[in-house]
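# predicted structure and sequence below. I'll ask about it afterward.
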Amino acid sequence: MTTTRPSKQRKKLFQAKLHTKQRLISVHLSKELRKQMGRRSLPARKGDEVKIMRGRFSGTVGKISKVDLKGLRVYVDNAKRKKVSGQELEVPLHPSNLLLVGPKIEDAKRRKALQRVKKS
């Protein structure tokens, strides 16, 4: 982005198109996966296994249960908090605070994208 004003930065994020937000929801790969796949990050997908690196749940490993493109947040099934009523809620996490440990590669589109990147 060309501006350094925080308000304009936030506005650009809120008004971004979905294909741009898909890129912003990328999660860093672990060192082993970086060597294996030949890239630094992958877009977060439901079913991927991630490790939480920052915050209250740091060190926790779990599967992604939901990806919120509109809010640019990822929900991990092992990161939950209790409400006063006793109900458990999943905590929204920013993808920059996650490390991809086990990607779900059964998806044909994802496999094709990885092969396309390796060739070039």
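Done, it's in. Numbering: from 1, shown residues only.

# in this protein, where's the longest strand?
Criterion DSSP state E: the longest strand present in the chain is strand 73-82.

# next secondary structure after that strand?
strand 88-93 (DSSP states H and E).

# what does the longest helix along the chain rub up against?
Secondary structure assigned by DSSP state H gives helix 108-119 as the longest helix of the chain. By C-beta atoms under 8 Å, 6 or more residues apart in numbering, the residues outside helix 108-119 that reach it are 37-39, 42, 45, 103-105. In this view, the C-beta of every residue, glycine as well, is placed from N, C-alpha and C.

# which of these fall within strands?
residue 42.

# pull the helix or strand with minimum mean pLDDT from this structure.
Taking mean pLDDT, DSSP states H and E as the measure, helix 108-119 is the helix or strand of the chain with the lowest mean score, a mean of 77.

# distance from that one to the middle of the chain?
Remark: helix 108-119 is offset 18 Å from the chain centroid, using C-alpha atoms, centre = their mean, to the nearest Å.
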